[in-house]
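> Predicted model follows, preceded by the sequence.
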Amino acid sequence: MKQLLSPLYLHKRLSLTLVLLAAFIWSLFSVTWSRDLLHAGGWATTVQILEGLIKPDLSPDILELAVESSWVTVVYAVTGMTVALIIAFVLGVLGSGVLVSSRPVRIVTAGFSRAVLAIIRAIHELVWALLFVAVIGLSPYAAIFALGIPYGGILGRIFADMLNDVPGEPIQALRAAGASRLHCLMYGYLPLIRSNMISYTMYRFECSIRSSAIMSFVGLGGLGYQIQLSLADLHYDEVWTFLFFLIAIVVLIDAWSNSLRKRLVL
Amino acid sequence: MMSKIKIPSKKRRFSFVAFSILLALALLAGSWGHIFYAERANFFTLFNEQNAEYAKKFFSGLFGLQEEKPAFTDKEAWINAGKLTYETLQMSVMAIGFATIAALLTVIPAARNIADGTLTVSKRWYRWILFGFFRVIYIFSRAIPELVWAMVIVFILKPGILPGAVALALHNFGILGKLCAEVIEDTDARPIRNLASSGASNAQILFYGIIPTVMPKFLTYILYRGEVIMRTSIVVGFVGAGGLGQQFKLSLSYFHYTEITLLLICYIILVFAADFISEGFRKAAK
């Protein structure tokens, strides 16, 4: 049957590609393409920016500042991830409905938790940051919660999906041996998804470094703040120094999570 | 005479996983320590009367309790917000288009099995150079957040949709490139080698071997990044790259809180609609 239908599948994919292409062409019409798109000094600025790329500012002052703000960036990322993990774990377990035995209760709690997860992850972390700064001012907690809440939403959804995808047999064996729902979670579900959870969390941690760098645009310190200041001073060489530090952190964490993933998965 | 039994001591190797756990714990301790001691941020002082006052003001502002004519009951404001949403949508679609084109053009040399010749059974000395070059570009473009790209690009391009789209595309180009290169690396090499050994040219290998096998996965990744771009499109607007974000920032600066509510509603609708559509597309692409 599937073989008979395979031209249809191919056709479907082709038409999907065409739809996407048409959407892209439609979007191109929104811009009036002319030389006016560039600033008057646009080319000169581009050259200056590229010059900064080749000759970043490596004076000791800037380097010290960069190291310091890199640390602040990492601090916000790690603390934000802590909050995210707590949110994700609680709402993820509730959202997967593995703790509740009666069906109607499960539908209500799981549906509710998943809706909460969907809403908190739909709003970007920078929007959360602006809202938090408006409410609690420039406290580090504004950054921590702004980072933790949307990341909690993303992680929680993934955790819930992972818990639901656990194969049924080991859990049934545990149930048959008289384990409670909580026992099943602790000794059945969690050990099965542990390595996947860790590897996804590591990937998100890498993303959170980038997010925490841009978190500073609302005035919360860190690498992004320094980049913003240097850009405002038109010191493109300093901008590149900070960017290289950001790239270095991201690459380091990427390498760490890659080698950890290789040892965990499989 | 007592015979000594040697009990082999259990060798504890300092494994990488143990190291990772220690590093994670150290990072946690260091970070929270920094928050508590260096920044002297006390969690419980957050709940003081002043902040409660701010929060009350802010939320009653958001719900338009003090205003006579909140923006979300105003027809004009809805039309305006709708226009901005439309612009944001166009910006995101353009961004994913640019990112896709750039990634597709560079992805083939950036796959490891093309570079070492295991996929096409042919070796060229320059392939490793191309591989390294494109991989470094990918790392570079994806390590810099889209907001930073946007800040740099508004120095070059005039504010509007285009700088936002270019900034979003630059960041996602690196991510898409990396993901797609990994797809090529994971493909089954046998059919393609078969093509190569029966004398297909490089172009033929590309069109009859590689593209049909990797395209479904590529489409999935493109749609997935499209969702993410939709979500981040509001952010590049903050630095003046057009769309909902620009208006959001302006309204926040003018303390027009009800407008913020309206824009947030539009934004959430946009994100949910994008998620829904791309979910449908992804099912169709399977």
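The structure has been received and is ready for your questions.

> Model confidence for the closest residue to B:Ala95 other than its chain neighbours, exactly?
Distances taken as CB to CB, 6 or more residues apart in numbering or on different chains place B:Leu168 nearest to B:Ala95, at 3.6 Å, with adjacent residues excluded. Backbone N, C-alpha and C define where each C-beta goes, glycine included. pLDDT for B:Leu168: 91.

> Now tell me which helix or strand of chain B has the poorest mean pLDDT.
helix B:49-62 (a mean of 78; mean pLDDT, DSSP states H and E).

> So is it next to chain A?
Yes. Shown here: helix B:49-62 in contact with chain A (CB under 8 Å from any CB of the partner chain) through B:Asn51, B:Tyr54, B:Ala55, B:Phe58.

> For that helix, buried residues please.
For helix B:49-62, the neighbour count (16 or more other CB atoms under 10 Å in any protein chain shown) marks B:Lys57, B:Phe58, B:Gly61, B:Leu62 as buried.

> Correct me if wrong: the last one contacts B:Phe255.
Think B:Leu62. No. When contacts are counted by CB atoms under 8 Å, B:Leu62 is not listed as touching B:Phe255 (11.2 Å).

> Contacts only, for residue 198.
You didn't say which chain, so I picked chain A. A:Leu260, A:Leu264 (CB atoms under 8 Å, 6 or more residues apart in numbering or on different chains).

> Can you name the next helix or strand after the helix or strand that it is a member of?
Taking DSSP states H and E as the definition, A:Ile198 sits inside helix A:190-215. Later in the chain than helix A:190-215, the nearest helix or strand by DSSP H and E is helix A:223-232.

> So what's the gap between that next one and the chain middle?
Centroid separation between helix A:223-232 and its chain, computed with CA atoms, centre = their mean, to the nearest Å, is 22 Å.

> can you check stretch B:237-251 too?
Worked out by CA atoms, centre = their mean, stretch B:237-251 lies 19 Å from the chain centre.

> Phi and psi next, for B:Gly117.
Here is the backbone geometry of B:Gly117 (degrees, to the nearest 10): phi 80, psi 10.

> Grab the nearest non-local neighbour of it.
Nearest one to B:Gly117, counting by CB to CB, 6+ apart, is B:Lys123 at 4.0 Å.

> and that neighbour, which of the three is it?
Classification of B:Lys123 using DSSP: H, G, I helix; E, B strand; the rest coil returns coil.

> Could you check the pLDDT of it?
76.

> Could you count how many residues lie near residue 254?
Going with chain A. By other CB atoms under 10 Å in any protein chain shown, 19 other residues sit near A:Asp254.

> my bad, the chain I had in mind was chain B
Neighbours of B:Tyr254 (other CB under 10 Å): 10.

> and what of A:Ser101?
A:Ser101 has 10 nearby residues by other CB under 10 Å.

> May I ask which helix or strand encompasses it?
Per DSSP H and E: nothing holds A:Ser101, as it lies in no helix or strand.

> Pull the contacting residues for the residue nearest to it when sequence neighbours are not counted.
Leaving aside its chain neighbours, A:Ser101 sits nearest to A:Arg181 (6.2 Å; criterion: CB to CB, 6+ apart). Going by CB under 8 Å, 6+ apart, A:Arg181 touches A:Val98, A:Leu99, A:Val100, A:Ser101.

> Make JSON lines from those residues and add distance to B:Tyr224 to it.
Shown next, in JSON lines, are the contacts of A:Arg181 (distance: CB to CB, whole Å):
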{"residue": "A:Val98", "distance to B:Tyr224": "26"}
{"residue": "A:Leu99", "distance to B:Tyr224": "30"}
{"residue": "A:Val100", "distance to B:Tyr224": "31"}
{"residue": "A:Ser101", "distance to B:Tyr224": "35"}
